[in-house]
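1. Build me a model:
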Amino acid sequence: MRISLIIPSLRCGGAERVTSTMANYWAEQGKQIQVITFEDVNIPQFFSLRPEITYTPLSLTKRSDSLIGLIVRSIRRILAIRHAIKSHHSETVISFMTHTNILTIFSCLNIKAKLIISERCDPSSLRISKVFQFLRWGTYSYCDSLVVQTSEIYKFFSGNIQDIHVIPNPISLPRTFKKPSDRPQKQKKIVAMGRLTYQKGFDLLIKAFAQIHCKYQDWELIIWGEGEGRMGLEHLRNNLGLEGRVFICGQTSEPFDELSKADIFVLSSRFEGFPNVLCEAMACGIATISFDCPTGPRDIIRNELDGILVPPEDIDSLSEAMERLVSNEFERESIARRTPEILDRYGIENIMGMWEKII
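-> Next comes the predicted model:
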């Protein structure tokens, strides 16, 4: 079977991680896989692909602020995607994320391939232009199937699209992953990961940590990620007097290693689709706290059993939950013992079986 997967880039991010995981899984099974991105040829991939996968970077990242420039760029992308799909003789095409989905639908007109598009974020919270909002409703009905990550997102699209499937993200641990009992002793670290953007709410997390840092001076907050919000977060940290207590460390190529060093993981997002990093932290056996934001966390965490959910964007409640686990090692370890059960629900074999049923 020949499958093309299309995504803007393979830089650090949840959708990118899922795409590379799916591609590698299918390639290992002997399927002919192509991954198409808009990235430049000389940009290194953050997520590695198996050598037998055809990687097709289209070198179409140049932005334009003018309407004409946007139209020209979109047409070039549509034609390039179409050429890549036809050259690969793809039987199935899967695209990820709203803008890419729209372009891929145009690219696949009159091509005899099954087209599956996938939303990767809460569409009611995602900020896109009115033009792309109109195009989303006008084009999505032309796909063969739409894959969403939660029942809440399903409801958003159910009135306009007939064939919709809810498939969470697959979770797999690297073969080199060490079990909790084989790891060195934890170092009193609270860890968060994600792009440094407004969506991820790291400003809320820093403010919540500021409320407890004086009382627990041997604890640190580590934020892994990169993005346009770095300067603002560093400014906030310094204004709150948290230098030496809050560290913004950039991207890491070894997320599981860094998660394994943590005692507590916090997801502070204002909105999500299905936060892969939350699942990965739980799979590592770490006590977790999350805002009950739209969408994803309430599908992942069984509240008070393998994690703690707090009201969305409620800094005081987040601070209280962090103090609760920081101050109570017994409860922290009790939650951590249950978190790896996430693999029973979202293990890669189960989730990829759901994708293959659609194909």
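
2. mean confidence for stretch 161-179?
-> Averaging pLDDT along stretch 161-179 yields 83.

3. That stretch: which residues count as buried?
-> Residues of stretch 161-179 classed as buried: 161, 164, 167, 168, 169, 170, 171, 172, 173, 177 (neighbour count, 16 or more other CB atoms under 10 Å). For glycine as for every other residue, the C-beta is placed from the backbone atoms N, C-alpha and C.

4. check contacts around the second one.
-> In this case it means residue 164. Each residue near residue 164 by CB atoms under 8 Å, 6 or more residues apart in numbering is listed here: 145, 146, 147, 148, 154, 157, 158.

5. Compare those residues and tell me which is most surrounded.
-> The residue in the contacts of residue 164 with the most neighbours, by other CB atoms under 10 Å, is residue 148 (28 neighbours).

6. In this structure it contacts residue 117, no?
-> No. Look at residue 148 against residue 117 with CB atoms under 8 Å: they stay out of range, at 9.8 Å.

7. Tell me the pLDDT of residue 128.
-> 77.

8. right, I mislabeled it, should have said residue 183
-> So, for residue 183, pLDDT stands at 56.

9. Let the chain start at 39 from now.
-> Got it, the first residue is 39 from now on, which makes the last one we talked about residue 221.

10. Provide a list of residue ranges in this structure with pLDDT below threshold.
-> 50, 214, 216-224 (pLDDT under 70).

11. Kindly list the longest helix within it.
-> Using DSSP state H, we find that the single longest helix of the chain is helix 105-126.

12. List of residues touching it?
-> So helix 105-126 is contacted by 40, 42, 44, 70, 72, 74, 76, 92, 94, 96, 98, 100-102, 131, 141-142, 144-146, 149, 151 (CB under 8 Å, 6+ apart).

13. at 6 Å instead, please
-> 42, 72, 74, 94, 96, 98, 102, 131, 141, 142, 144, 145 (CB atoms under 6 Å, 6 or more residues apart in numbering).

14. What residues sit buried inside it?
-> For helix 105-126, using 16+ other CB under 10 Å, the buried residues are 111, 112, 115, 116, 118, 119, 120, 122, 123, 126.

15. I'd like to know which elements the following helix or strand past it is packed against.
-> Following helix 105-126 in sequence order, the next helix or strand is strand 130-134 (DSSP states H and E). If contacts are counted by 3 or more CB pairs under 6 Å, 6 or more residues apart in numbering; DSSP states H and E, strand 130-134 sits against strand 40-44, strand 152-156.

16. Show me the strands paired with strand 130-134, marking each as parallel or antiparallel.
-> strand 40-44 (parallel), strand 152-156 (parallel) (DSSP bridges).

17. Reformat those strands into a markdown table and put mean neighbour count and distance to residue 267 next to each item.
-> What follows is the strands paired with strand 130-134, written out as a markdown table (neighbours: other CB atoms under 10 Å; distance: least, CB to CB, whole Å):
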| stretch | mean neighbour count | distance to residue 267 |
| --- | --- | --- |
| strand 40-44 | 24 | 27 |
| strand 152-156 | 23 | 26 |
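
18. Among the ones you listed, single out whichever gets nearest to residue 295.
-> strand 40-44 (26.6 Å; CB to CB).

19. can you list contacts of the closest one?
-> Here strand 40-44 has contacts from 57, 61, 69-74, 123, 126-133, 138, 142, using CB under 6 Å, 6+ apart.

20. do the same with stretch 56-67
-> 43, 45, 71, 73, 85, 87-88, 90-91, 134, 207-208, 390.

21. Please list the members of the residues you listed that lie in helices.
-> When helices are assigned by DSSP H, the members of these inside them are residue 390.

22. Residue 331: which of the contacts of stretch 56-67 is nearest?
-> Using CB to CB, those come closest to residue 331 at residue 207, 16.1 Å.

23. wait, that closest one sits on residue 316?
-> No. Using CB atoms under 6 Å, residue 207 is not in contact with residue 316, being 9.9 Å away.

24. for stretch 233-242, the distance to its chain's centre please.
-> 13 Å (CA atoms, centre = their mean, to the nearest Å).

25. Show me what counts as buried in it.
-> Applying 16+ other CB under 10 Å to stretch 233-242 flags 233, 234, 236, 237, 238, 239, 240, 241, 242 as buried.
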